[in-house]
Each structure stands twice: as C-alpha cells, then as structure tokens.
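Engineer: What would the 3D arrangement of this be:
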Amino acid sequence: MGIRELVEQRCRGFRRALCSIVFGNAFVLALAPTVHAEQRNECTKGFLKRSYGYVFSGPRVGVGPVAAAGIIAFDGQGGVTGQDTVNNSVTISRRTGTVATR
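Structural biologist: Numbering: from 1, shown residues only. Modelled structure (predicted):
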C-alpha cells in the first residue's frame, strides 16, 4: 500500500467519523424539548430571582484575547451578587462583587 492509498483511507475514516458526529448531534438535538419564554411585558425586582451562568470570549483592543466564566445571582429584591474567573492572556484572576438593594 502506497502513501496515496494510506492517505485516502485515513480521509475516508475521518469523513465517516465526522459524519457520525454531525448526524449524531443533529439527532440528539432533534429529541431535546423546545423551551418557550413566558409572555410577560413587565420586568420587576421580584421577577429577577435566580442565578445565571455565563461564558464569553473574544478580542479586546490593546490587550489580546479575553475570556471569562462566572455566575450572577439576583435575590428578587434588587440585589445582585456575581463572581467570575477572567483570563486576559496575561493573568488569570477571580472577581466578586455585590450590589445591595436601595
């Protein structure tokens, strides 16, 4: 078996694996239940009462790549608490913060 045949064989194997992953994920996502937002036109302090996780990444001018992951929690009375870990491609730091109810 020559190099060309070996490369073609590996490409076929890679294509099969890639197709299995893509179609497998599409199948699993098709089985997932659909979630709809509530039809409310109001946003009150009491409405915000839970914790949310977030992740973001992207370029920051003058700094380079930046990424963060954290949790922000609303207490339902106007208070907010948050904590995250940030990587600005120079240092990794942990941040926390609280905004009290007024």
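
Engineer: According to the record, where do the domains of this protein fall?
Structural biologist: The chain breaks down into these domains under automatic domain parsing: 1-35, 51-99.

Engineer: Need the mean per-residue confidence for the longest one.
Structural biologist: Confidence for domain 51-99, expressed as mean pLDDT, is 88.

Engineer: re the thing from before, out of the domains of the chain, deepest packed?
Structural biologist: Compared across the domains of the chain, domain 51-99 shows the largest average neighbour count, a mean of 12 (mean count of other CB atoms under 10 Å). For glycine as for every other residue, the C-beta is placed from the backbone atoms N, C-alpha and C.

Engineer: Any idea how far apart the tips of it sit?
Structural biologist: Domain 51-99 stretches 14 Å from its first residue to its last (CA to CA, to the nearest Å).

Engineer: about what we covered before: switch the domains of the chain over to a markdown table; also include distance to Lys45.
Structural biologist: Supplementary listing: the domains of the chain in a markdown table, determined by distance: least, CB to CB, whole Å:
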| stretch | distance to Lys45 |
| --- | --- |
| domain 1-35 | 24 |
| domain 51-99 | 5 |
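
Engineer: So what are the sheet partners of the host helix or strand of Ile71 and their directions?
Structural biologist: For Ile71, the element it lies in under DSSP states H and E is strand 64-74. Partner strands for strand 64-74, per DSSP bridges, with pairing direction: strand 51-60 (antiparallel), strand 80-87 (antiparallel).
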